[in-house]
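Q: one predicted model, sequence on top.
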Amino acid sequence: MILKKLMLTVGSLALATSPAMAQKFPDVAKTPPMGWNSWNHYGCNVDEDLIRKTADAMVANGMRDAGYVYVNIDDCWQGERDENGFIQPDPSRFPSGMKALADYVHARGLKFGIYSDAGSATCGGRAGSQGYEYQDAIQYARWGVDYLKYDWCNTGEGPAQRNPREAYATMRDALYKAGRPVVFSICEWGDNKPWEWAQDVGHLWRTTGDITNCWSCQLGHGTWYSLGILEILDKQAELRNVAGPGHWNDPDMMEVGNLPSLAENRSHFAMWAMLAAPLIAGTDVVGMKPEIAEILNSPHIIAIDQDPLGIQGFPWMKTPELEVWARPLSEDRWAVAVLNRSSVARTHAIDWKAEPLSDGLSQRSAKLNERKMQIMDAWTGKVRGDTGTELKVSVGPRDTAVFILEPKK
Ligand code: GLA
């Protein structure tokens, strides 16, 4: 009897001290992550000097204070593994080492992100994490990594391909056990429908192939193709029911600053905000023109993106040339964006009473038949009357007007 009691006590003690179940880190992405990533502008041409200068520029041009806190190095930072299997950065590009670089970034009030791949090699042919997940996670924690983008190249073919759920969950568990909170960004291009299984695995998942800096195009690269802004946008609406705080659809890092016209850059930014997309800038921050910094730092557009309810927007009305998107916001407010996909200026009158502004998914309605809401231009912050009268909107070629509706006080 005494022995049985003792065994029970020992048993429950063991249970109480057993390590917590691995999970993704909660609370690190309650709103869509904001930051910068090297890939879209620099590709494999990354080094510590670029990262330091970019971090400094993000502080100087107001991006950090606007919310862009992650400074993320994409592919091609890797060198060889050491004799114990620990990954090392390319010594010619990162001679001071990753810990020193992370310290530099952290000292400026920013966070540090890195990239790896679930396969044997990254898309750029550097060492992948397959078989080294726990060791890589420990190394990242030692360096001070706060964000991991995890790619899907070289994961095997056909029946021999890694199981994506298992592969991403293994790295999630490794990161959790390493103990340093990390945003975990799943990058398998939507191939395995991560929105169906990754809510407990990652904080964001790519929904498409790679973005490229064109308004509307599909560029073939042999085995894969990249997509323009409109092509990516058009694939997002059907996924809105799976996004929310802590688990975001990722329509890819932004090309804001890399598109030819200011209007296109504005539209791209506005629509990513309407989608509650991660806002990861992908341009040259050091040489950024003030008008691009102004777009990226637009406080009301950022506030739409970062709204705490995290409800992804939806296409509300469509004419052949214009799309009006809507997004319910906190405090009974709504965001409305009028996107001109065409290459000529258009005008459009929004009759607020003609079409109910409501969202079945979130069960929210603006009730514009019963009340008037104040309209603010989200680019300028200026009030544009109320919903009691039609709103005449003029939108330049490929531009986007954005409004925030709020209850009258
Ligand atoms: C894939 C990803 C890109 C980028 C490159 C790096 O194509 O989708 O975002 O990370 O790999 O090689």
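A: Structure received. Numbering: from 1, shown residues only.

Q: using PDB, write out every CA atom in stretch 335-351.
A: Extracted in PDB, the C-alpha atoms of stretch 335-351 (Å, rounded to 0.1, in the frame of the first residue of the first chain):
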ATOM      1  CA  ALA A 335     -12.000  50.700 -43.900                       C
ATOM      2  CA  VAL A 336     -13.000  51.200 -47.600                       C
ATOM      3  CA  ALA A 337     -10.500  51.100 -50.500                       C
ATOM      4  CA  VAL A 338     -11.300  52.100 -54.100                       C
ATOM      5  CA  LEU A 339      -8.700  50.300 -56.300                       C
ATOM      6  CA  ASN A 340      -8.300  51.500 -59.900                       C
ATOM      7  CA  ARG A 341      -6.800  48.500 -61.700                       C
ATOM      8  CA  SER A 342      -6.800  50.300 -65.000                       C
ATOM      9  CA  SER A 343      -4.400  52.600 -66.700                       C
ATOM     10  CA  VAL A 344      -6.800  55.600 -67.000                       C
ATOM     11  CA  ALA A 345      -8.300  57.800 -64.300                       C
ATOM     12  CA  ARG A 346     -11.700  56.800 -63.100                       C
ATOM     13  CA  THR A 347     -14.400  58.300 -60.900                       C
ATOM     14  CA  HIS A 348     -16.900  56.400 -58.900                       C
ATOM     15  CA  ALA A 349     -19.700  57.400 -56.700                       C
ATOM     16  CA  ILE A 350     -20.300  55.300 -53.600                       C
ATOM     17  CA  ASP A 351     -24.000  55.400 -52.600                       C
END
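
Q: would you check how far apart R81 and G144 are?
A: 20 Å (C-beta to C-beta, to the nearest Å). Yep, even glycine has a C-beta here, placed from its N, CA and C like the rest.

Q: quote the end-to-end distance of stretch 188-208.
A: This stretch, stretch 188-208, spans 8 Å end to end (C-alpha to C-alpha, to the nearest Å).

Q: list the buried residues of that stretch.
A: By 16 or more other C-beta atoms under 10 Å, the buried positions in stretch 188-208 come out as 188-190, 192, 194-195, 198-199, 201-208.

Q: check whether stretch 218-227 comes near the ligand.
A: No. Residues of stretch 218-227 are not located near the ligand by C-beta under 6 Å from any ligand atom, the shortest gap being 7.6 Å.

Q: pull the distance from that stretch to the chain's centre.
A: Computed by C-alpha atoms, centre = their mean, to the nearest Å, the chain-centroid distance of stretch 218-227 equals 22 Å.

Q: kindly report the same for stretch 314-327.
A: Going by C-alpha atoms, centre = their mean, where stretch 314-327 is centred and where its chain is centred differ by 23 Å.

Q: how about stretch 47-66?
A: Relative to the centre of its chain, stretch 47-66 is centred 18 Å away, using C-alpha atoms, centre = their mean.

Q: what residues does it touch?
A: Residues from elsewhere that reach stretch 47-66 (C-beta atoms under 8 Å, 6 or more residues apart in numbering): 34, 36, 38, 42, 68, 71, 73, 93-96, 100-101, 104-105, 108-110, 281, 285-286, 288, 293, 296-297, 299, 302.

Q: okay, and which of those residues map to helices?
A: Among the contacts of stretch 47-66, the members found in helices (DSSP state H) are Y42, A100, L101, Y104, V105, A293, L296, P299, I302.

Q: closest to G257 among those residues?
A: Comparing the ones in helices among the contacts of stretch 47-66 against G257 with C-beta to C-beta places L296 closest, at 7.4 Å.

Q: wait, what's in contact with V393?
A: Taking C-beta under 8 Å, 6+ apart as the test, what V393 contacts is V338, T347, H348, A349, I350, A401.

Q: can I assume it sits in a helix?
A: No. Going by DSSP: H, G, I helix; E, B strand; the rest coil, the assignment for V393 is strand, not a helix.

Q: look up how far G385 lies from it.
A: 12 Å.

Q: then I350?
A: From I350 to G385 the distance is 11 Å (C-beta to C-beta).

Q: the more surrounded of these two?
A: Taking other C-beta atoms under 10 Å, I350 and G385 do not tie; I350 has more neighbours (20 against 12).
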